[in-house]
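Participant: Next comes the sequence, and after it the predicted model I'd like to discuss.
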Amino acid sequence: MEVTTSRKPAPPLRTFSKDLAFSLGVHYSPRGKAGMGDITGIDSDVLIVSKSGRVFLIEVYHEGEPVYEFLFSSYSVIEREDKILKGVVTGNQTVYDNLNQYLNVRMTDCSPDMLMFDGAQRRRYVLRLKMAE
């Protein structure tokens, strides 16, 4: 699996993406001027992290085809006090079902609008999923 960003990500989005790759135990590649064909051809599974306005988007590609995407309205970074989490953790059954075949994801009893992962340097990311209205 490969994690990358939109073409011109802000530095916080780059850090977010690198930490997501760290948590998943996969490689991060800077996007640069690479087109979608170049990005999706890097690996059979690719995550693309982007931001449009106030909404963040993570797209999952498998064999060059989009298979799932989810929006999150915000995220916070807190200092991790306990053992490091590997992979991502969610309380949302739909997100779990759609991500489970592509990456290391665990289901917990946390809020259904939440997804968490741990980055480097004791950073824990808590995402607020944008629920369908």
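Facilitator: Perfect, I can see it now.
Participant: got the buried residues for stretch 53-67?
Facilitator: Of all the residues in stretch 53-67, those buried under the rule 16 or more other C-beta atoms under 10 Å are 56, 58-62. Quick note: C-beta positions are derived from backbone N, CA and C, even for glycine.
Participant: What of stretch 67-87?
Facilitator: Neighbour-count burial for stretch 67-87, with 16+ other C-beta under 10 Å as criterion, is recorded at 68, 70, 72, 80, 85.
Participant: would you turn the buried residues of stretch 53-67 into a markdown table with pLDDT, distance to F22 and secondary structure?
Facilitator: As requested, the buried residues of stretch 53-67 are exported to a markdown table (pLDDT from 0 to 100; distance: C-beta to C-beta, whole Å; DSSP: H, G, I helix; E, B strand; the rest coil):
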| residue | pLDDT | distance to F22 | secondary structure |
| --- | --- | --- | --- |
| F56 | 94 | 18 | strand |
| I58 | 95 | 15 | strand |
| E59 | 95 | 19 | strand |
| V60 | 95 | 18 | strand |
| Y61 | 94 | 20 | strand |
| H62 | 94 | 21 | strand |
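Participant: Closest to M36 out of the residues you listed?
Facilitator: Y61 (8.5 Å; C-beta to C-beta).
Participant: Going by residue numbers, what spans are helices in the chain?
Facilitator: For the chain, helices defined by DSSP state H occupy the ranges 11-24, 36-40, 93-99.
Participant: Quick one: those as a markdown table, columns for mean neighbour count and distance to S50 too.
Facilitator: What follows is the helices of the chain, written out as a markdown table (neighbours: other C-beta atoms under 10 Å; distance: least, C-beta to C-beta, whole Å):
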| stretch | mean neighbour count | distance to S50 |
| --- | --- | --- |
| helix 11-24 | 19 | 8 |
| helix 36-40 | 15 | 12 |
| helix 93-99 | 16 | 17 |
